[in-house]
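S.K.: only the shape, not the letters, is given here:
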């Protein structure tokens, strides 16, 4: 069952039923101010950091779900309704939500009154703009009331939901004209306040939640709305909110617009106050002034459109398959941007409390983002590298507000360092900017310990070779990519974390996945060294990689697939010798991508085993058989019910590793089949089962052993988006940047007749036409660049603005 | 305005309007299993630790407020209602909530159907029992549906509200007969599960929240109730709940009872499972069996009644003032028990997340509790002392589950150690059990460092003398009793804690309050040493106390009152030299109680200054004038809006210090006036302003500078209860245990003709009659014990069961 449709022309997903199987959300904002917004107007805003600078309040896992947002209430006679259906839930005569790139437009109609609300965060502005268009489509005059509503969070989202003995006493507001100022704690250490303003003076206002809603009422029936008149309440403590009240008259056919601005302002210490106790509103008033007209809002919408036009024009495909095209051209790239901005911090599943930017996460998110805004990718690489430790290890997360490593979580996730090699090499291949390697980057955020970035890559590399186990394989540390495979934490206390509790010495348990990563990214590192003329270092690196390859060949192969690991006791994990968890996806993905044992047929065999044991209708599950009971020597993975999350769920993040493996084997049919299984646009028709948004990836889909296979969870913030874009663009479509050119090497289903790609690469737009006259999966028999045939499949870097490329497969 | 009435006979507060100005709650449970329950059936349960063993889910600061509880839905034809009005909120024909001691009884009536629900946690049982009596008071047969409902918390309350990427995948239940088992995470490290059972097999059940409520519905209109039939849903992940469904027929006048049991079970590792994946239900079934009959529940109610009869009989007063009597005899003692059990951890203001047992808090809570169950008080003293550090300092809090010091908060609150002297001396005076001083008690929970408790008191004492500042006054450390007076934390970053951020050296800022404490409790320590024959040590202690007294006399007096402190710069705090915060209650309370400068008239003068500057209609405010802006050198106190919390709110905890001071001055009128101002039973008539329960103390009442003076916050969990009971029982009524007898030394308003007190003290019941024929405030001119006149005002310890005492004031 579908709940909407793709409008590819406008790059929007159009939701036509408010009661989606889960709130379907969008993200507003690209810089510092962000909003999450659901299809019914739910969601919240924050500035930079969803934990420390939460602006509006949102209650996760609430009943009803998603019951906090930026809401409008309309009261015409005795009928009260909201344009997005919620929170009032009065049945509407018309409803539509259009989630676009950086904006959302929600339209409701009741009794011939239409309210269209457009929400956006303009580029470079720390404010959310809401434009509400009200149109009387009836033939008679209408008089009605409009109430706006936001609920302030008291800034620190964790504190906001736990520390009531303080919080109920600190709320403070100010009012001026049509603006309501949330200045809680501004009197003390905060240099920031928020405001909610309208572009017209209202007929009333409320700032105290209890006055507005009533102590025992719901958001669906606030007391003020029920009474049809604002109370002009001024909050002192308890729960400050902001609500405007307008009495509106519309003649038949008449339309009226109102603009609301939810803004965040910082003042420096010397300019905090206008007079004692009165906040300095200069910057707020400038913003309010700036967005006071309909034209100004329209202009910002246009700027957003142009912004995305330009970004997305870096990679556009035209194929025979609209589902593929809309994902590649629009939604996958859009999600890449969002995951890059948010890391894993704030979604409708990530509460914005528990984590900052992940080292591993953000390095991977980069590979789907770098072609959009390479400058931001560069900054992120340097930020990440700056949290690296001198021994090459890394803090597992850092706080976006401070950019310092998070000591609560710590480090010792032994895959972490290698992802820095991936992100850096991918960045240089995209940009040709080798100068990044010379950037001086601190270790552990200590500027006195700065070294060139290249040395950071070296430390990453050495961190593996300096931490080898009994089989010459990399020690796993707390965990590798699979946070839930905890081989050195024997936890029997539910009050401790599986990850951060280390109670076993870490000098035995080894990860075959990291071994595969090391071969893959170690080779990339060597290739980079060679490319910049450091051939001696390159040779050393190749030698270490070859040794690792030997170790895997000796100790990492189980007969039909790659082992996953050796545990604390030196016993095999992911082996046919095990009863549960005989085979895992991660090591088979990485060892296959690294081509280990290819000459012996191991990569092919491993992929066949993956298909045989892990593939299911909804994607490739992480392991098989699922763990049916807790295994203290494996950790959290065995804590999940079968078929969910890391215990044999379809973990969409790693499915692309297998897709890439299949591509390397030339199996275009299988690679694309895997791609489609988890690609959301192909799942739109089963939205009732899939539940999460059909326009973005979810982290996990319940696997074959689950109670409800096919049900997705944890949408939006997942490395899945970046990896799938990487797999489909660079491997299936085969458009792959290299240090010295753009490789074109597609691997597609044989029946495809071809496709076109427009790819902007280092200031040249490559208009690539791929033809497949011989119905092959792989192989380029002719490459023509601006009419000139070229050997091989790599287009050298061009200097022209536009370059025509023809690729004949065969 | 009142919302109910006191039923002193039954020791119940009877709430007659469901829409109280704030949810009015009660506590069930005395041992390990606790429930909070509001007057509309809201609340939650936990086992021992409200953070780590939360059993049912509660959303704080929700809209509507207090919307999670143990609810019953009744559907008769198309009318759906709940006995406690919430969550359905259908107007009832009759409503009553009786909060009793350890139980609550909520009765609703609709269309001549009466539902009376009794909630209790039986003594020594880890389960909440709910008995629902349904009576058809109409003249016709009735057919209706009954649905029970609880929502499970996934055990760790912090994780439960933040970690959804995991939590939505782990929920698991089992069903057997009329029991629904919440076994989430039992498959892994948990040795405990919960269950919700009925004493009859239901006609259906639900265990999945979305199935029961519906994704977009509220608790007020669950889908299943709306449809009038259970869906028999089995939860897998998402949000497990437990609901029974009964189809009930009642003849005219017929009554029917059902019993529900919400239980918590622990199994040891060897007995976790009945068979693979099937939990061992033996203990649960025993409990279910045990409470399957109406008689068993009635019996537990009786046991509770007897339990409280006995406990409260340790102190009973009969005066001319029923408001005084009901507080002293029932509610103040009851609250003492609750604060002792909970410390500051779980109320409708304390979320059960942020804190464990406070060192300072629990030592003080003891002084209102020790006469109820001295054995428990002893255990608590030993637990607290075990977290003391070797230098005499203490962890500020410890976790009730582990009894280990909380490293996140740390120590260095320099008043902490002295409270151990208070609690220990009070315990010994109550019990005569000097053997506690010989108990071997670890330092920092390290058994190898155990020393006798007496040595802990010595370290407490020395911690003060070893940490003196430039004026010979005690260094304040992070803070003294006033957590918000932060003299060594110059915080300008809102993301850090005022308390735990120490960025200034702590060797200058001094606390005059701790100085007063040291004189008071140092003298108590010396008196104890003398009493046990350690006269040499006692002399040393007296010497140190005298030196402290000199220091206060030299540097602690401001002319009309005692200074509060010296700050980091050595400047006076709480002085007429200051513009704001000229005078504080704490130092004036303690220095007065310690009698410092009494001979110079300072104590009288200080009390007059308190009255002049701090007294207001609603009690004594903490400081004056309130801080109107943030003072970085004072810290959090200046962060609050004026009149709230530590910034000039009526902090009820310290009002008794002034009451005691007035008693020591012989001013019974003033002492009792102060007592009445904050005593909840005297505030019942202004419940609409006061907001919190009229049967228990709140931590804070908004002061004279506040926007809404008289509005109370943070009820139940506050040292206020213990201190007020201590003040009224030992100082105003003057019944004061001493090492070798029971002192009787009332200090009352002159117009009182007398009062009677029954006091059980060391196994003797003293039936004390106080007469005031001369209309004095203070002074005992005759003391007759069992007909025998005695010199002075101390009754020697008796060996009889009952002892008649007559006291003639004059």
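M.R.: Perfect, thanks for sending it. Predicted model only: the values in this text are computed from it and were never measured.
S.K.: when you work out contacts or count neighbours from here on, use the C-alpha atoms and nothing else.
M.R.: Will do.
S.K.: might one say that residue A:337 is in contact with residue A:369?
M.R.: Yes. Using CA atoms under 8 Å, residue A:337 is in contact with residue A:369, at 6.1 Å.
S.K.: so these two - more neighbours on which side?
M.R.: Neighbours per residue, other CA atoms under 10 Å in any protein chain shown: of residue A:337 and residue A:369, the larger number sits with residue A:369, 26 against 22.
S.K.: where does the more buried one land on pLDDT?
M.R.: In the predicted model, residue A:369 carries a pLDDT score of 97.
S.K.: can you check residue A:356 too?
M.R.: Residue A:356 is assigned 80 on the pLDDT scale.
S.K.: look up how far residue A:384 lies from it.
M.R.: Per CA to CA, to the nearest Å, residue A:356 is found 12 Å from residue A:384.
S.K.: who has more neighbours, the two?
M.R.: More crowded of residue A:356 and residue A:384, by other CA under 10 Å: residue A:384, with 29 against 25.
S.K.: mind telling me what element the more buried one is part of?
M.R.: Taking DSSP states H and E as the definition, residue A:384 sits inside helix A:374-386.
S.K.: contact partners of the helix or strand following that helix?
M.R.: Using DSSP H and E, the helix or strand that follows helix A:374-386 towards the C-terminus is strand A:397-398. Contact partners of strand A:397-398, identified using CA atoms under 8 Å, 6 or more residues apart in numbering or on different chains, comprise A:355-359, A:387, A:404-406, A:409-410.
S.K.: try it again at 10 Å.
M.R.: Here strand A:397-398 makes contact (CA atoms under 10 Å, 6 or more residues apart in numbering or on different chains) with A:343, A:355-362, A:383-384, A:387, A:403-411.
S.K.: re earlier: please enumerate the shared neighbours of residue A:337 and residue A:369.
M.R.: With CA under 10 Å, 6+ apart, residue A:337 and residue A:369 have common neighbours A:721-722.
S.K.: the helix holding residue A:384 - contacts with which helices or strands?
M.R.: Contact here means 3 or more CA pairs under 10 Å, 6 or more residues apart in numbering or on different chains; DSSP states H and E; on that basis helix A:374-386 packs against helix A:332-342, helix A:359-365, strand A:397-398, helix A:416-431, strand A:440-443, strand A:446-452, helix A:453-465.
S.K.: how about 7 Å then?
M.R.: Contact analysis of helix A:374-386 by 3 or more CA pairs under 7 Å, 6 or more residues apart in numbering or on different chains; DSSP states H and E lists strand A:440-443 as its packing neighbours.
S.K.: how about the residues of the stretch 701-810 of chain A near chain B?
M.R.: Residues of the stretch 701-810 of chain A lying close to chain B (CA under 7 Å from any CA of the partner chain) are A:707, A:714.
S.K.: how about the helices in the stretch 701-810 of chain A?
M.R.: Ranges of helices within the stretch 701-810 of chain A are A:720-726, based on DSSP state H, counting those that start in this stretch.
S.K.: taking it, what residue is nearest to chain B?
M.R.: residue A:714 (5.9 Å; CA to the nearest CA).
S.K.: contact partners for that residue?
M.R.: Residue A:714 makes contact with A:349, A:698-700, B:165, according to CA atoms under 7 Å, 6 or more residues apart in numbering or on different chains.
S.K.: let's see it at 6 Å
M.R.: A:349, A:698-699, B:165 (CA atoms under 6 Å, 6 or more residues apart in numbering or on different chains).
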